[in-house]
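Chemist: Generate a structure from the sequence data that follows.
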Amino acid sequence: MAGKDLKVGVVGTGAIGRTHIERINNKLQGAKVVACADVNVDFGKSVAEKYGCKFYADGEEMIASDDIDAVIVTTIDPYHEQYVMAAIKAGKYVFCEKPLAPEAEACKRIVEAEAAGGKPLVQVGFMRRYDTGYRQLKAAIENRTYGEPLMLHCAHRNPAVDESYDTPMAVENSMIHEIDVLRWLLNEDYATAEVVFAKNTRRTHANLMDPQIMILTTRSGVRIDVEAFVNTGHCYDIKCEVVCEDAILNLPEPSNIEVCANATRGHAIHSDWSTRFVDAYNTEIQEWIDATKAGRVDGPTAWDGYVGQVTAKAASKARDEKKVVEIIFDEMPEFYKR
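Modeler: The predicted model follows:
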């Protein structure tokens, strides 16, 4: 496969699915989306026609087809398990957008099925690991030039969300990114979770407490606080400050031109995730293509997806029960120790 384009099938032709088709076919190297599937047949057919690929009304049929070598799953969350399992059954590499599955038990079933097959196949779409700034932070933490990390102060801010976004989504849809990337940065698991509320912003609605603060403690005692404020009214802003023994490390801001006009000097900031992390998405999918063609899984594994959901559910329980919750998950199988 090394000398040929990877033939990719995409299940789910919503916004992120179409974006992945665009980047694979028009920006990246070594792969081509040759098929797509969607339960919305008319819309799916229109996407297939636009991008010149074969349409399947049945995602599992597409996955089993000889037409494709690898699978990308971008359906709505409740269907992730079904299609990832189908890819494992077919022995095909699969990239699944986060979460691996909405429930930890479903993630565990995927972990068990992949391990039983004896071959790593599953990667989860936690794109922050591919952001240049986060990679710089990880390198600085790992070499211990500045001593041990002691505390992390983070923020996840959006300009606005609609009324379908409710209180649990702050942890399970937004801060799930921090849950994964901070565990990766520190290379250790979490021990406890807590969620507390700040004063509600006037911009929120009846079903959303906003802002929220998630507090995590790692097994070695590193203390982490993550602010989720999703109705700031003004920006998309991602912050990560790592307080080490001998220095403070900050996630760098993406570079934009500085403009001096109207007696002010400044630069634009990103308005949403799609522009802030576009380079990370491109790197993520390119590295997945390269690893898949080489017969490897190099990115976040099904085990990472499982641990992320266990942690998110513990944080949600802590929020609902207003207490600190211990985070308990199974011991990592030998299959995932690499």
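
Chemist: C-alpha from now on. contacts and neighbour counts both.
Modeler: Noted.

Chemist: burial measure for the spatially closest residue to residue 91 that is not a sequence neighbour, as a count.
Modeler: Of all residues not flanking residue 91 in the chain, residue 121 sits nearest, at 7.5 Å (CA to CA, 6 or more residues apart in numbering). Residue 121 is flanked by 23 other residues according to other CA atoms under 10 Å.

Chemist: again, but for residue 246
Modeler: Residue 246 has 12 neighbours, counted by other CA under 10 Å.

Chemist: Assign a three-state SS to it, would you?
Modeler: Secondary structure assignment for residue 246 (DSSP: H, G, I helix; E, B strand; the rest coil): coil.

Chemist: Now the phi/psi pair for it, please.
Modeler: Backbone torsions for residue 246, taken as degrees, to the nearest 10, come to phi -120, psi 0.

Chemist: Would you agree it is in contact with residue 146?
Modeler: Yes. Between residue 246 and residue 146 a contact is recorded at 4.8 Å, counting by CA atoms under 8 Å.

Chemist: Per-residue pLDDT of residue 3, please?
Modeler: Residue 3 is assigned 69 on the pLDDT scale.

Chemist: One more: residue 144?
Modeler: 94.

Chemist: I'd like to know which elements the helix or strand bottoming out on mean pLDDT in the chain is packed against.
Modeler: In the chain, no helix or strand scores lower on mean pLDDT, DSSP states H and E than strand 264-267, which sits at a mean of 83. Using 3 or more CA pairs under 8 Å, 6 or more residues apart in numbering; DSSP states H and E, the elements in contact with strand 264-267 are strand 258-261.

Chemist: for the strand it packs on, what is the average pLDDT?
Modeler: Mean predicted confidence for strand 258-261 is 86.

Chemist: got it, and stretch 128-140?
Modeler: For stretch 128-140, mean pLDDT rounds to 97.

Chemist: Please apply the same query to stretch 315-333.
Modeler: Per-residue pLDDT values over stretch 315-333 give a mean of 96.

Chemist: Kindly report the same for stretch 151-160.
Modeler: Stretch 151-160 carries an average pLDDT of 96.

Chemist: hmm, who's touching it?
Modeler: 174-175, 222-244, 271-272 (CA atoms under 8 Å, 6 or more residues apart in numbering).

Chemist: quick one: buried residues of that stretch?
Modeler: Buried residues in stretch 151-160, counting neighbours by 16 or more other CA atoms under 10 Å, are found at 151, 152, 153, 154, 155, 156, 157, 158, 160.

Chemist: Tell me the secondary structure at the second one.
Modeler: Just to be clear, that refers to residue 152. strand.

Chemist: Any regions of the stretch 1-150 of the chain where pLDDT drops low?
Modeler: 1-3 (pLDDT under 70).

Chemist: can you give me the strands in it?
Modeler: 6-11, 31-37, 54-56, 70-73, 93-97, 122-125, 149-157 (DSSP state E, counting those that start in this stretch).

Chemist: ok, the last one: who's next to it in the sheet?
Modeler: What that stands for is strand 149-157. Strand pairing for strand 149-157, determined by DSSP bridges: strand 223-229 (parallel), strand 237-244 (antiparallel).

Chemist: longest helix anywhere in this protein?
Modeler: Taking DSSP state H as the criterion, the chain has its longest helix at helix 302-321.

Chemist: Which strands or helices does that helix pack on?
Modeler: Packing partners of helix 302-321 (3+ CA pairs under 8 Å, 6+ apart): helix 104-117, strand 122-125, helix 176-186, strand 190-197, strand 325-326.

Chemist: Tell me which of the ones you listed sits most buried.
Modeler: Mean neighbour count (mean count of other CA atoms under 10 Å) peaks for strand 122-125 among the helices and strands packed on helix 302-321, with a mean of 26.

Chemist: residues making contact with it?
Modeler: Counting by CA under 8 Å, 6+ apart, residues outside strand 122-125 touching it are 84, 88, 93-100, 114, 297-302, 304-305.

Chemist: try 7 Å this time
Modeler: 93-98, 100, 297, 299-302, 305 (CA atoms under 7 Å, 6 or more residues apart in numbering).

Chemist: partners of it, with directions?
Modeler: Strand pairing (DSSP bridges) places strand 122-125 next to strand 93-97 (parallel).

Chemist: Next, report how far the strand it pairs with is displaced from the centre of its chain.
Modeler: Mean C-alpha position of strand 93-97 versus that of the full chain (CA atoms, centre = their mean, to the nearest Å) differs by 12 Å.

Chemist: Only the buried subset of the contacts of stretch 151-160, as a PyMOL command please.
Modeler: Buried residues within those, by 16+ other CA under 10 Å, are selected in PyMOL with:
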select buried, resi 174+175+222+223+224+225+226+227+228+229+230+231+232+235+236+237+238+239+240+241+242+243+244
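
Chemist: Could you tell me which residues make contact with the residue lying farthest from the centre of the chain?
Modeler: Going by CA atoms, centre = their mean, the residue of the chain most distant from its centre is residue 263, 40.1 Å out. Residue 263 sits next to no residue when contact means CA under 7 Å, 6+ apart.

Chemist: about what we covered before: need the strands of the stretch 1-150 of the chain in CSV with distance to residue 208, can you?
Modeler: Output for the strands of the stretch 1-150 of the chain, formatted as CSV (distance: least, CA to CA, whole Å):
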stretch, distance to residue 208
strand 6-11, 31
strand 31-37, 34
strand 54-56, 38
strand 70-73, 29
strand 93-97, 25
strand 122-125, 26
strand 149-157, 15
